[in-house]
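In: Mind folding the following:
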Amino acid sequence: MIETEGRARNEKLIRNAFGELMKDVCTSIPGHVLTFDPLTQRAQVQIGILRVDVNDATFALKPIVEVPVYFPGGDYCVEYQIDPGCEGDILFSQRCIDGWVQSGGVATNPRGRFHSMQDAMFLPGFRSQPNALTDFQNNGVRMRNKAGSQFVWLKNDNSISMDNGVARFNVLADGTTLMQNGAGSFQLLADGSFLINGLKITPDGNVITAAGINLNTHRHSGVTPGSGTSGVPVI
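Out: Predicted coordinates:
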């Protein structure tokens with residue numbers, strides 16, 4: 001009985017000691033950007049979860065500086081704007097990244113750090129519920145601003161749509177192309193016909209209709225023999 005109790009106490013001590021040690025092992029945690037340097041693509045980030053001390057008092061950790069920010073790709077990459085308040089996941093490297101940040105490749109390890117808060121990298125895009133994207137479509141791939149008023153959208157029906165809040169451009173699955181702004185519009189139909197503000201041009205280059213009037217078969221009003229000028233087309 002005494003031996004069993006002693007073993008249980010030892011196990012509890014080991015668990016508690018291990019738990020205390022793990023509190024200083026950094027792996028991954030949500031946070032947000034405080035400042036961003038476009039030249040170096042480094043950010044100052046703030047951890048988004050409060051710590052609790054031995055007296056159960058909560059406190060925010062100090063910002064982490066010189067944090068590399070993730071932009072996917074290699075020779076071809078995706079660039080996007082990083083503003084203060086941008087949320088994401090803060091990742092912590094297994095080893096010191098100081099040498100790698102300076103030289104890339106296979107770098108030296110100038111510090112014997114393990115899972116340290118100083119070796120952070122930032123992955124933008126993880127969002128808290130208050131900052132969830134509005135009008136999320138879950139359809140194909142859409143590159144957009146936060147408000148959704150500007151976008152380039154590859155849809156799952158093989159169509160493409162672009163919008164900047166003033167003009168819109170669409171390519172439908174059958175190849176029909178549409179462009180519209182506040183002043184006018186054009187359509188390039190799947191058969192090659194071209195419509196622009198009511199004017200229709202066929203694939204062979206002939207203008208067929210203008211203002212709804214067929215230019216091949218139309219008739220004029222006010223026609224009399226002689227050298228006079230006819231009136232406008234009527235049909």
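In: Against Arg9, how distant is Glu20?
Out: Using Cβ to Cβ, to the nearest Å, one gets 17 Å for the distance from Glu20 to Arg9. All C-beta atoms are positioned from the backbone trio N, CA, C, and that covers glycine.
In: brain fart, Leu50
Out: When distances are taken as Cβ to Cβ, Leu50 and Arg9 turn out to be 32 Å apart.
In: Likewise for Phe114?
Out: Distance of Phe114 to Arg9, computed by Cβ to Cβ: 29 Å.
In: cool, Cys86 as well?
Out: Between Cys86 and Arg9 the computed distance is 48 Å (Cβ to Cβ).
In: who's more crowded, those two?
Out: Cys86 (21 against 10; other Cβ atoms under 10 Å).
In: Surely the more buried one and His32 touch.
Out: Yes. Cys86 is in contact with His32 according to Cβ atoms under 8 Å; the separation is 6.2 Å.
In: Mutual contacts of these two, please.
Out: Applying Cβ atoms under 8 Å, 6 or more residues apart in numbering, one finds that no residue jointly contacts Cys86 and His32.
In: Mind listing what's buried along the longest helix seen in the chain?
Out: As assigned by DSSP state H, the longest helix anywhere in the chain is helix 2-22. Within helix 2-22, not a single residue qualifies as buried, counting by 16 or more other Cβ atoms under 10 Å.
In: Same check on stretch 196-206?
Out: Using 16+ other Cβ under 10 Å as the burial criterion, the residues of stretch 196-206 that qualify are Lys200, Ile201.
In: And stretch 185-192, by the same measure?
Out: Gln187, Leu188, Leu189.
In: Looking at strand pairing, list the partners for the residue positioned nearest the centre of the chain.
Out: With distances taken as Cα atoms, centre = their mean, the residue of the chain nearest its centroid is Met143 (5.1 Å). Under DSSP bridges, the beta-bridge partners of Met143 are Val152.
In: Now do the same contact list for it.
Out: Neighbour list for Met143: Phe151, Val152, Trp153 [criterion: Cβ under 8 Å, 6+ apart].
In: again with Ser128
Out: Residues counted as contacts of Ser128 (Cβ under 8 Å, 6+ apart) are Pro30, Gly48, Glu87.
In: ok, now with 10 Å
Out: By Cβ atoms under 10 Å, 6 or more residues apart in numbering, the residues touching Ser128 are Pro30, His32, Gly48, Glu87.
In: Give me the neighbour count for the residue nearest to the last one when sequence neighbours are not counted.
Out: Among residues not flanking Glu87 along the chain, His32 sits closest, at 4.8 Å (Cβ to Cβ, 6 or more residues apart in numbering). Other residues within reach of His32 by the criterion other Cβ under 10 Å amount to 21.
In: No more questions from me, cheers.
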